[in-house]
Every structure is written in structure tokens, then in C-alpha cells.
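**Q** Got a predicted structure plus its sequence, pasted below:
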Amino acid sequence: MNSVPGYPQETQLLAALAAKNSTTRLKAAMAMGTNPEPGYVDALVARCAIEPDFFVRDMLTWALTRFPANVTVPKLREELLSEHAQARSQALHTLSKIGDDSAWPAITRSLLHDPNDEVARSAWRAAAVLVPYGQEEALAAELATQFGRGDREMRLSLSRAMVALGDLVEPTLRAAMASNDPTVRAHAGATERLLHDPEAGFELDVDEARRVAALGPEREEAMRADR
């Protein structure tokens, strides 16, 4: 993007970041990340909260990863307290990409249980990336309370976050597989299979969860006993 005489490039880029055309916004975010100037950070973070286009949001995150973490992380942590779900979700996503462990204390239980699915999914991914050594089992136990939540993509996101924690999640998975809730059992079982075989199909596991939920716990238990 060429600067306009009498119109400094920084000012021009900040204006382009709010343009109606999504391609213009994407190019502005790319330019800001390519030549990161401190004055861009606030605008990039603010845009994350309201940007409607997925590809532009992805570029905003990339741009923010180009700045020093000690500049971006505090501002992104502030966004986690926003009343706007997209602000929380995008901040979590960006923190997971930056990977700075100083953000870990901001990944609260309320975010892991956020009623907004996109926020919760982003929190699970960020937590799996940022969790300090020695706290993985506690995180696994917290994530396990969300087994059975949402649709296929939601459940797969949770399973992937659990799998990212490694073999130490197995005791948590075994406990969930003994749950009285058949949907929780099926989701935990699908996660265990994914842990041991990353190529395992998740679709059939979700179908199993739906089947046992439809049967009801008593009938499903009877069928298991007959096997």
C-alpha cells in the first residue's frame, strides 16, 4: 500500500483497517504485521473484536504475533474481560498463537465454561497450549467437565485439546468413561481412541453418542450387558 502525499502511512493504514472492503482491511492488517509499529497494536486488538470476515481476523492475529509479547499480551488479556464474545474468542485465539506463558493466569475457569461455544473452544485450545508443566492433569479434569457439550465440531475441539495434553489424561478419560451419562461416556471413549490413534474417525464416535443418548441409560446398559 503506497502512502499518499500529506497522509502519513501509519494514518493511512489505520483508516484502511476500518474500510468497508474486506480486501482493503486484510491488506492493511498484513502491512501492519510486515512492518510492526507500536502505534498499530491498539487498533489491531480493537479490530479483532468487531471484524466480521474470518480471513481478515486470521490476518489480524498473524499481525499481532509479529509484535513483542510484552506489548500484545497485556492488551489481549484485557480483552478476555470484554462483554463481547468475539473479543474474548479472538483474544484467546491470538494468545494461543503467541504462546507466551504469562497469559496462563488469564485462562480462567469461567472462560473454559463460557456459555458462548466459540469462546469456550478458543479457551480450550489456548489452555492446552499455555498450561504450565505440572498442571496438565488439573486442566484435563476441568476440561472433562465439558464432555458431551455441543455438536460434532464442538466435541472434536474438546477432544483435540485433551489429546494435546498427552498420555497423562488417560485416568481422567477412564473416569469419564464410567460416567452415568451415556453421552459423556461416548465422548470420553472417542477422545481415548483419538489419543491412541490420531487417524481414528471421530464421526462414528459422535454417532455412538447420539445413539446411546436416544436409547437412554437403562436400555443402553442392558444392551451392553448382552454383548
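**A** Structure received.

**Q** How about the contacts made by the residue most central in space within the chain?
**A** Nearest to the mean C-alpha position of the chain, counting by Cα atoms, centre = their mean, stands residue 122 at 1.7 Å. By Cβ atoms under 8 Å, 6 or more residues apart in numbering, the contact set of residue 122 is 88, 89, 90, 92, 93, 96. Every residue, glycine included, has its C-beta placed from N, CA and C.

**Q** How about the backbone phi and psi for residue 178?
**A** phi -100, psi 10 (degrees, to the nearest 10).

**Q** So it is in contact with residue 185, correct?
**A** Yes. Counting by Cβ atoms under 8 Å, residue 178 does reach residue 185; the two are 7.4 Å apart.

**Q** Of these two, which one has the most company?
**A** Neighbour tally, residue 178 and residue 185, criterion other Cβ atoms under 10 Å: the higher count belongs to residue 185, 22 against 10.

**Q** To which secondary structure element is that one assigned?
**A** helix 182-196 (DSSP states H and E).

**Q** check contacts around the closest residue to residue 99 other than its chain neighbours.
**A** Distances taken as Cβ to Cβ, 6 or more residues apart in numbering place residue 129 nearest to residue 99, at 5.9 Å, with adjacent residues excluded. Counting by Cβ under 8 Å, 6+ apart, residue 129 touches 96, 99, 164.

**Q** And the helices in the chain, which stretches?
**A** 9-16, 22-34, 41-48, 54-65, 69-79, 85-98, 109-112, 117-130, 136-144, 152-164, 170-176, 182-196, 203-215, 217-226 (DSSP state H).

**Q** Now render these as a markdown table, adding mean pLDDT.
**A** Listed next are the helices of the chain as a markdown table, based on pLDDT from 0 to 100:
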| stretch | mean pLDDT |
| --- | --- |
| helix 9-16 | 90 |
| helix 22-34 | 97 |
| helix 41-48 | 98 |
| helix 54-65 | 98 |
| helix 69-79 | 97 |
| helix 85-98 | 98 |
| helix 109-112 | 98 |
| helix 117-130 | 98 |
| helix 136-144 | 97 |
| helix 152-164 | 95 |
| helix 170-176 | 96 |
| helix 182-196 | 93 |
| helix 203-215 | 54 |
| helix 217-226 | 48 |
